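J.: Predicted model, plus sequence, below.
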Amino acid sequence: MDIAAFIHSETFRIFILPVAIFLARICDVSLDTLRIIYVSRGLKLLAALIGFFEVLIWLIAISQIISNLSNPVLYIAYACGFAMGNYIGILIEEKMAIGTVVIRIITQKDATQLIEVLKTDGYGVTHADAQGALGPVKIIFTIVKRKDISSVLEIIRKFNPQAFYTIEDIRSVRQGVFPIAKKPTSPTS
């Protein structure tokens with residue numbers, strides 16, 4: 001069977017094309033998620049490059065749907081690919097952990113030990129006394145790389161499990177105190 005005959009076959013129309021559209025949508029929507037993240041972080045060239053491939057994949061997928069309007073399976077494949085692309089795009093972004101965040105901690109409990117452990121672990125800490133709805137509180141700010149969020153939250157939970165905290169993305173940071181990446185130690189001879 002030649003390629004042209006296969007492309008016009010019932011097998012291609014009912015099975016192969018919907019799967020191809022589903023996979024194409026996963027790719028283009030995952031790229032869209034990453035592009036939006038890069039735009040929000042000010043990475044213009046990377047966002048533009050990703051946008052090029054995102055739209056190219058989308059055009060190919062949508063042109064196949066328009067060429068096959070009588071095939072409702074393609075509509076479902078398109079919608080499912082969109083949904084799965086959002087999910088996969090977020091998973092990819094979480095694994096990449098690009099960027100910096102501010103963690104704002106508000107606690108009524110004495111925060112001396114929490115502050116000292118954060119400092120000891122190399123995190124920059126700014127803190128101030130404040131007044132909350134239920135009385136005096138300590139507000140602690142630390143700016144960390146996204147990949148370090150879980151480490152900081154572990155410290156908060158260990159030394160002040162009742163603390164209220166929020167995490168917000170930061171577009172850019174200038175200077176500051178960040179943990180120094182530990183170099184692997186070489187074996188001694």
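T.: All right, it came through fine. Numbers count the residues shown, from 1 in each chain.

J.: What is the longest strand of the chain by residue count?
T.: Scanning the chain for the strand with the most residues, using DSSP state E, yields strand 135-145.

J.: which secondary structure elements does that strand contact?
T.: If you count contacts as 3 or more C-beta pairs under 8 Å, 6 or more residues apart in numbering; DSSP states H and E, strand 135-145 packs onto strand 100-107, helix 112-120, strand 126-132. For the C-beta atoms, the positions are set from N, CA and C on the backbone; glycine is no exception.

J.: List the buried residues in that strand.
T.: Judged by neighbour count (16 or more other C-beta atoms under 10 Å), strand 135-145 contains these buried residues: 137-140, 142-145.

J.: so where's this structure uncertain?
T.: Along the chain, segments meeting pLDDT under 70 span 1, 6, 172-178, 180-189.

J.: which residue is nearest the middle of it?
T.: In the chain, the centroid-proximal residue (C-alpha atoms, centre = their mean) is Glu93; its distance is 2.9 Å.

J.: gap between the helix or strand where that residue lies and the chain center?
T.: Using DSSP states H and E, Glu93 sits in helix 72-96. Chain-centre distance of helix 72-96: 14 Å, with C-alpha atoms, centre = their mean, to the nearest Å.

J.: which residues are contacting stretch 132-144?
T.: 100-108, 110-111, 114-115, 118, 123-131, 152, 170, 173, 176, 178 (C-beta atoms under 8 Å, 6 or more residues apart in numbering).

J.: give the contact list for the closest residue to the residue nearest to the centre of the chain other than its chain neighbours.
T.: Leaving out its chain neighbours, the residue that sits closest to Glu93 by C-beta to C-beta, 6 or more residues apart in numbering is Ile37, at 5.6 Å. Contact partners of Ile37, counting by C-beta under 8 Å, 6+ apart, are 93, 98-99.

J.: mind giving me TSV with those and columns for distance to Tyr87?
T.: Putting the contacts of Ile37 into TSV (distance: C-beta to C-beta, whole Å) gives the following:
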residue	distance to Tyr87
Glu93	11
Ile98	18
Gly99	20
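
J.: Closest to Ala4 out of these?
T.: Glu93 (40.3 Å; C-beta to C-beta).

J.: That closest one: what's it in contact with?
T.: Counting by C-beta under 8 Å, 6+ apart, Glu93 has contacts 33-34, 37.
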